[in-house]
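Trainee: Got a predicted structure plus its sequence, pasted below:
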Amino acid sequence: MVSVFVVYLCSPAANVGDSRMSLPTAVSVYRHGDFSLDEYPQVRELAGSYDIVEHDGELLMGYPWPPALFLVPAAALADAIPGVDPGSLSVSNPNRTWLFELPMGALLAAMAVVLWALAIREEVDHAQMATRSAGALVVFTFAFSTVMWSSVSRGLSQHAAAAPFVALTLYLLVRSRRDPTVVPLLGLAVALAYVMRPTASVLVLVVTLWVLLCHRRYVVRYLAWACSVAVPWAMVNFAVYGSLIAPYYTADKLGSAADIPGHALGLLLSPSRGLVWFTPLAVLAPLGVWRRVRAGCWDSVDWVFVSVAVGVFAVVAAWPNWWGGSSFGPRLLTEAVPFICWYLLPAIARPHVLPSSRRARSANVVVLAMVSAGVLVNSQGAIARATLCWNTDPTLVDTQPNRLWEWDDPQAVRGVRRLFGGDSIRDVVIGSCSESAANPNAT
């Protein structure tokens with residue numbers, strides 16, 4: 001899967017927002033063994049910003065700190081280069097931490113694709129529910145027709161940091177069908193996913209319940225692996241933030257239940273955030289579920305997959321900021337995407353239909369058209385920075401969320417529209433966005 005990493009790495013549109021304090025934090029960890037950001041003038045100027053907290057007079061990263069650890073080796077290597085100081089890079093307009101974040105985000109996203117592909121291979125080789133060609137197609141879809149390319153790989157976001165561990169969880173669950181001895185390792189995988197991205201709590205809850213109900217003999221070892229992550233994480237939190245759980249993990253971000261139906265509709269159909277438009281093939285996932293049930297091979301692992309997908313979707317729908325701020329597509333559904341895409345395999349596999357039949361040929365054309373449409377849409381988020389500028393131009397989407405339903409100006413076509421409007425390819429692909437007073441990190 002080196003090719004996936006190369007494509008992700010070479011895609012020029014970076015999206016560094018909530019993660020911008022990761023590099024200064026990584027430099028502090030490397031140089032001083034702490035998390036303090038006080039030594040960086042460019043950070044002190046932003047004191048009181050949405051992504052910085054203060055404890056005992058020290059400025060600290062307000063978002064989860066574990067993702068920053070991925071940048072520690074890179075910071076150490078950069079420090080060894082004469083004239084290079086990673087701690088001095090700008091964290092606001094013009095942001096320069098993307099020089100470190102984008103390669104790491106691309107690597108983590110590619111790792112997630114590899115682990116997910118291994119799970120698909122496991123299913124194809126041992127369950128014999130689909131052909132290798134069908135497996136290759138769904139892996140390609142997951143890699144290039146979802147937010148994995150257009151959003152996750154664009155920087156060191158929480159989603160990027162959690163992605164390999166979410167994919168590892170899925171792989172271990174699939175592997176457990178024929179090798180239950182891997183069940184304890186799920187404790188490690190879900191714990192790492194959670195500390196990277198708090199909404200992975202859905203994954204923790206569902207998988208833990210599954211282990212308790214279906215694999216009680218492994219519960220102790222499962223919890224031991226989980227504690228190997230949770231205990232050090234809590235100890236660091238207490239030492240740095242004065243609490244066993246960092247502030248970001250305890251914040252109440254849920255809104256009114258009355259808003260959930262509208263948010264859910266937006267997550268599905270909004271022209272600028274809807275899953276249907278950004279991953280068209282996802283509409284076949286319910287068909288995949290039905291085919292597994294009909295084939296009589298539905299099991300407890302399938303219940304886990306569906307529960308996680310529905311649970312993450314429900315949590316995001318309950319979020320007031322369900323569109324995910326200044327981002328591209330339905331990025332808040334990232335942790336659900338691997339489980340949704342899993343059911344594309346049985347959806348497109350037709351073992352009882354002759355490949356040469358007219359019905360099979362027609363179905364193949366439709367599937368390939370849907371995959372191609374998804375690739376085209378997601379390529380815009382990965383290649384054209386103008387699509388990210390859509391979030392602040394003409395107004396900040398967080399202050400004017402009605403823009404999410406403007407069918408005459410969908411996010412994914414902003415780059416194309418600017419090209420036809422006379423803008424240069426350079427401006428569309430790598431041009432910076434106008435700084436918004438409402439969001440000083442919009443770049």
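Mentor: Looks like it came in fine. Numbering: from 1, shown residues only.

Trainee: got a list of what the closest residue to D259 other than its chain neighbours touches?
Mentor: Ranked by CB to CB, 6 or more residues apart in numbering and with sequence neighbours excluded, the top spatial neighbour of D259 is P320, at 7.2 Å. Heads up, the C-betas are built off the backbone N, CA and C, glycines and all. P320 makes contact with K253, L254, G255, D259 under the criterion CB atoms under 8 Å, 6 or more residues apart in numbering.

Trainee: Now those in TSV, please, with extra columns for distance to A314 and pLDDT.
Mentor: Shown next, in TSV, are these (distance: CB to CB, whole Å; pLDDT from 0 to 100):
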residue	distance to A314	pLDDT
K253	14	70
L254	10	71
G255	12	75
D259	13	89
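
Trainee: Widest-spaced pair of these?
Mentor: Greatest spacing in those, by CB to CB: K253 and D259 (12.9 Å).

Trainee: Mind listing residues that contact stretch 222-241?
Mentor: Stretch 222-241 has contacts (CB under 8 Å, 6+ apart) with 34-35, 53, 55, 60, 65-66, 183-188, 190-192, 195, 208, 211, 215, 243-247.

Trainee: pLDDT weak spots in this protein?
Mentor: 127-130, 251-252, 350-357, 434-443 (pLDDT under 70).

Trainee: again, only this time at 80
Mentor: For the chain, residues meeting the criterion pLDDT under 80 lie at 1, 126-131, 251-256, 350-361, 434-443.

Trainee: Break this protein into its domains for me.
Mentor: Taking automatic domain parsing as the domain assignment, the record places the domains of the chain at 21-86, 100-380.

Trainee: most packed of these?
Mentor: Burial among the domains of the chain, expressed as mean neighbours by mean count of other CB atoms under 10 Å, is greatest for domain 100-380, which shows a mean of 20.

Trainee: Please identify which helix or strand holds the residue nearest to D259.
Mentor: With elements taken from DSSP states H and E, nothing contains P320; it lies in neither a helix nor a strand.

Trainee: Then L60?
Mentor: Assigned by DSSP H and E, L60 belongs to strand 58-61.

Trainee: elements contacting that strand?
Mentor: Identification of packing neighbours for strand 58-61 by 3 or more CB pairs under 8 Å, 6 or more residues apart in numbering; DSSP states H and E yields helix 22-32, strand 52-55.

Trainee: Each with direction, which strands does the last one pair with?
Mentor: Strand 52-55 has the following sheet partners, assigned by DSSP bridges: strand 58-61 (antiparallel).

Trainee: Can you verify R177 is assigned to a helix?
Mentor: No - with DSSP: H, G, I helix; E, B strand; the rest coil as the criterion, R177 is coil rather than part of a helix.

Trainee: ok, now how distant is it from T169?
Mentor: Per CB to CB, to the nearest Å, R177 is found 14 Å from T169.

Trainee: Equivalent analysis for L71, please.
Mentor: If you measure L71 against T169 using CB to CB, the figure is 23 Å.

Trainee: try L345
Mentor: Summarising the geometry, the distance separating L345 from T169, computed by CB to CB, is 18 Å.

Trainee: Same check on Y249?
Mentor: Spatial separation of Y249 from T169 under the definition CB to CB is 19 Å.

Trainee: who's in contact with F420?
Mentor: Taking CB under 8 Å, 6+ apart, one finds nothing in contact with F420.

Trainee: now W390
Mentor: W390 makes contact with S272, V397, D409, Q411, R414, according to CB under 8 Å, 6+ apart.

Trainee: for the first one, helix, strand, or coil?
Mentor: In the three-state summary, S272 is assigned as coil, counting by three-state DSSP.

Trainee: ditto for the third one
Mentor: Recorded secondary structure, D409: coil (three-state DSSP).

Trainee: can I assume it is in contact with V397?
Mentor: No - under the criterion of CB atoms under 8 Å, D409 lies out of contact with V397, with a separation of 11.2 Å.

Trainee: neighbour count winner among the two?
Mentor: Legend: neighbour count by other CB atoms under 10 Å for D409 and V397, higher for V397 (25 against 14).

Trainee: What helix or strand is the residue nearest to S150 when sequence neighbours are not counted located in?
Mentor: Beyond its immediate neighbours in the sequence, the residue positioned closest to S150 (CB to CB, 6+ apart) is G381, lying 3.0 Å away. Assessed by DSSP H and E, G381 sits inside helix 358-383.

Trainee: Can you name the next helix or strand after that helix?
Mentor: Of the helices and strands lying after helix 358-383 in sequence (DSSP H and E), the nearest is helix 386-389.

Trainee: Output the contacting helices and strands for that following helix.
Mentor: For helix 386-389, the contact count by 3+ CB pairs under 8 Å, 6+ apart identifies helix 358-383, helix 414-420, helix 425-430 as packing neighbours.

Trainee: Tabulate the ones you listed (a markdown table), appending distance to V27.
Mentor: Shown next, in a markdown table, are those (distance: least, CB to CB, whole Å):
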| stretch | distance to V27 |
| --- | --- |
| helix 358-383 | 27 |
| helix 414-420 | 34 |
| helix 425-430 | 25 |
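
Trainee: Figure out which of those helices is closest to T97.
Mentor: Distances from T97 to each of the helices and strands packed on helix 386-389 were compared using CB to CB; the shortest belongs to helix 425-430, at 16.0 Å.

Trainee: now the closest one: how far from the chain's centre is it?
Mentor: Using CA atoms, centre = their mean, to the nearest Å, the mean C-alpha position of helix 425-430 is found 25 Å from that of the whole chain.

Trainee: Any buried residues in it, and which?
Mentor: The neighbour-count check on helix 425-430 (16 or more other CB atoms under 10 Å) flags D427, V428, V429 as buried.

Trainee: my read: the last one touches A382, true?
Mentor: No - in terms of CB under 8 Å, V429 does not count as a neighbour of A382; the distance is 10.5 Å.

Trainee: what touches both of those two?
Mentor: Contact criterion CB under 8 Å, 6+ apart; residues shared by V429 and A382: A13.
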